[in-house]
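K.L.:
Build the 3D model from these lines:
(chains A and B)
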Amino acid sequence: MSAAEISFDKKVVKSAGMKQMDRLIFAAIGYVSIALLSILCIVPFILIISSSLTEESRIVLEGYKFFPSEFSTEAYKILFKYPDQLIQAYTVTILVTLAGTLVGLFLTAMTAYCLSRRDFKWRNQFSFFFFFTTLFSGGLVPWYLMMVNYLHLKDTPLALIIPLLLNVFYIIVMKSFMSNIPEAIVESAKIDGAGDFLIFMRLILPLAKPALATIGLFLALGYWNDWYNALLFVSSENLMPLQYYLYKMLGNLDGIRKAMAGSGAVATTPLPSEGLKMAMTIVASGPILIAYPFIQKYFVQGLTIGAVKG
Amino acid sequence: MNRHGFWNDVVKYRAILLMLAPAVLFFLLFAYVPMVGIILAFKQYNYAGGVFGSPWNGLDNIRFFFESGDAWRVTRNTALYNIAFIVINNLLQIFAAILLFEVGGKWFRKITQSVLFLPYFISWVVVGAIAYNLLNYDIGTVNVILKGFGMEPIDIYNTPAYWPYILVIVSAWKGLGYGTVMYLAAITSIDTEMYEAAEIDGANIFQRIMKVTIPNLYPTVIILTLLAVGNIFRGDFGMFYNMIGNNGILFSATDVIDTFVFRSLITSNDIGMSAAAGVYQSVLGFATIMLVNYAVRKHDKDRALF
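P.N.:
Coordinates of the predicted model:
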């Protein structure tokens, strides 16, 4: 009897020890793996920063490295010496992002509100009308011809704003958020004689602030990072957004050299091309890299709202 | 009577209908009306005639698309890349989410989660710049390291065989944070009582993950995989275009339907061919989504998308 008890105790002790061991092994694997993945995610950025701060002749001779073998801010100096084109690209991106985000957010919220109203007889039909566009489309060509040949939007700011303005997925996320706003609020406002638009503006929008912040930031990020619509619709240098300017610069520095020559640089001066490309990459993504630690929680919110039902 | 009722409803919902009008107009103009342009796939487009005035040429565009071998190549590439992305990205994201959930203090989790999320926020153009920095033949970091070990540099931008691996890594790298956060949210919402029960039953940490965490992730995995499988014939244009661009040497291994459609339209200005490939993609995609949804519906009605 007592012998059995002792052996039983031993077993418990042993299994507890094993458990401790498992936990240790797991923690070791866990910390190492996560740390490795994190390093892999951040190393390319360090590489770019280091490359942008390396003396050009050293890059040409030794290649890009994790630490500048000879420190130099020449690439940045040249970038900012003739900043007209850069400032123009920043201006385009900022204005397009602001306009697109504000208008897009308002339309997304207004549309989502209509679809979230349970007393609206045709809300399923309209939901399907929007949803169907995610299932089937006419493809790139007809859409492109609509933008260019019929609406004549080539080389206009609208060509950068319209394509990203409304997104069915954002409407659905917003709608599912608004569906959780108690109907009683709408009902009581109606009894007080408020119209649907007034209810939306005065009651729904303030209550939907968390969703507005999330969708607004998704929209803003989309606009800030957009280069595709510029690739399709922009040939004028005055309308190049930041990412497209970077894209141009990576592909063809001659064009940039000419643009700089136009703004006063001497075209024959050899540019620190390789360092310049990396400096431009940092300048183009700088604001996002600085802002993202503060805004990422809204994206996480969006993912969790959206994950409820695709 | 019925008509009467319809107009009564229009009057009743006039404010809501007006509020819906901008979005309805938007999708009519930029989604539904362009569907008419599908006819371009069956036309010999010329600028004088436009969409409606150009002469018909039957199935010539589509026949040429298939006979040139392009159709098979881009379809195969698109589907295989997407399958690889779905499998590898999801496994990696689930792996990272489980580890993040199980180990680490608040700070470790917060910082690493932020770092993993970083690639999500940058544009594909910046990813292209990073690739250039790493893979360039003369000055790329990969070759710098190889040379440092006394090895021969490799000409990555001229060797198609490397690219399936590179693109899978890039896709995993960019999507890791987003997916990890999503799976982490799913794990966090698992009932803690299940973990306590596992604890009392003497399960160790590996058993707990295999028997509690992973089974509870199935619904999320299934929904995400279905969404992704439905889009299996849609290539990620931003990634492929910024990584490869117009480097024809790599096309055998990297050309997807979307890059083919784009090049036909913008580079070679072959409207008919581009439209044909686009319609082919749309029909294929639509059929896939319907099929996937039908299968899920049959299996489990609640999981279906629609």
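K.L.:
What residues does the stretch 201-310 of chain A have near chain B?
P.N.:
Residues of the stretch 201-310 of chain A found near chain B (CB under 8 Å from any CB of the partner chain) are A:221, A:224-228, A:231-232, A:243-244, A:246-247, A:250-251, A:274, A:277-278, A:281, A:284-285, A:288-289, A:292-293, A:296, A:299-300, A:303-304, A:307, A:310. C-betas here are computed from N, CA, C, even on glycine.
K.L.:
Show the pLDDT at the nearest residue to residue A:228 once chain neighbours are set aside.
P.N.:
Of all residues not flanking residue A:228 in the chain, residue B:238 sits nearest, at 6.5 Å (CB to CB, 6 or more residues apart in numbering or on different chains). In this model, residue B:238 is scored at 95, pLDDT.
K.L.:
Which residue, other than its chain neighbours, is closest to residue B:245?
P.N.:
That would be residue A:251: by CB to CB, 6+ apart, it lies 7.0 Å from residue B:245.
K.L.:
go on, residue B:93?
P.N.:
Distances taken as CB to CB, 6+ apart place residue B:179 nearest to residue B:93, at 3.2 Å, with adjacent residues excluded.
K.L.:
what distance separates the helix or strand that neighbour falls within from the centre of its chain?
P.N.:
In the assignment (DSSP states H and E), residue B:179 maps to helix B:163-188. Its chain's C-alpha centre and that of helix B:163-188 lie 12 Å apart, by CA atoms, centre = their mean, to the nearest Å.
K.L.:
ok, then the element right after it?
P.N.:
Heading C-terminal from helix B:163-188 (DSSP H and E), you reach helix B:192-200.
K.L.:
Whichever helix or strand comes after that next one packs against which elements?
P.N.:
Going down the chain from helix B:192-200, the next helix or strand is helix B:205-208, by DSSP H and E. With contacts defined as 3 or more CB pairs under 8 Å, 6 or more residues apart in numbering or on different chains; DSSP states H and E, the packing partners of helix B:205-208 are helix A:2-52, helix B:192-200.
K.L.:
quick one: low-confidence ranges for chain B?
P.N.:
B:1-3 (pLDDT under 70).
K.L.:
Let me see the backbone angles for the residue nearest the centre of it.
P.N.:
With distances taken as CA atoms, centre = their mean, the residue of chain B nearest its centroid is residue B:236 (5.2 Å). The phi/psi pair for residue B:236 (degrees, to the nearest 10) reads phi -80, psi 90.
K.L.:
how close does it get to chain A?
P.N.:
11 Å (CB to the nearest CB, to the nearest Å).
K.L.:
Going along the chain, name the strands of chain A.
P.N.:
Under the criterion DSSP state E, chain A carries no strands.
K.L.:
Endpoints of stretch B:159-166, how far apart?
P.N.:
11 Å (CA to CA, to the nearest Å).
K.L.:
With stretch A:142-152 instead?
P.N.:
14 Å.
K.L.:
So it, near chain B or not?
P.N.:
Yes. For stretch A:142-152, a contact with chain B is found by CB under 8 Å from any CB, at A:142-146, A:149, A:151.
K.L.:
Buried residues of that stretch, list them for me.
P.N.:
A:142-147 (16 or more other CB atoms under 10 Å in any protein chain shown).
K.L.:
tell me what the helix or strand encompassing residue B:33 is packed against?
P.N.:
Element membership for residue B:33, per DSSP H and E: helix B:33-35. If you count contacts as 3+ CB pairs under 8 Å, 6+ apart, helix B:33-35 packs onto helix A:140-145.
K.L.:
Against chain B, how distant is the residue nearest to residue A:154 when sequence neighbours are not counted?
P.N.:
The spatially closest residue to residue A:154, leaving aside those adjacent along the chain, is residue A:148, at 4.9 Å (CB to CB, 6+ apart). With distances taken as CB to the nearest CB, residue A:148 is found 11 Å from chain B.
K.L.:
thinking residue A:148 is in contact with residue A:234, fair?
P.N.:
No. Residue A:148 is not in contact with residue A:234 according to CB atoms under 8 Å; the separation is 11.5 Å.
K.L.:
Quick check: neighbours shared by these two?
P.N.:
residue A:154 (CB atoms under 8 Å, 6 or more residues apart in numbering or on different chains).
K.L.:
returning to what we had before: count of residues packed around the residue nearest to residue A:228?
P.N.:
20 (other CB atoms under 10 Å in any protein chain shown).
K.L.:
And the one 10 residues further on, by the same measure?
P.N.:
Here the neighbour count serves as a burial measure; for residue B:248 (other CB under 10 Å) it reads 10.
K.L.:
separation between it and residue B:148?
P.N.:
From residue B:248 across to residue B:148, the span is 32 Å (CB to CB, to the nearest Å).
K.L.:
cool, residue B:64 as well?
P.N.:
From residue B:64 over to residue B:148 (counting by CB to CB), the distance is 49 Å.
K.L.:
between these two, which one's more packed in?
P.N.:
The neighbour count for residue B:64 versus residue B:148, taken as other CB under 10 Å, is higher for residue B:64 (16 against 11).
K.L.:
coming back round to it: and the helices and strands packed on helix B:205-208, which one is worst for confidence?
P.N.:
Among the helices and strands packed on helix B:205-208, helix A:2-52 carries the lowest mean pLDDT (a mean of 78).
K.L.:
And the helix holding residue B:179, what does it pack against?
P.N.:
By 3+ CB pairs under 8 Å, 6+ apart, helix B:163-188 packs against helix A:2-52, helix A:273-306, helix B:70-102, helix B:106-117, helix B:124-135, helix B:214-230, helix B:237-244, helix B:251-254.
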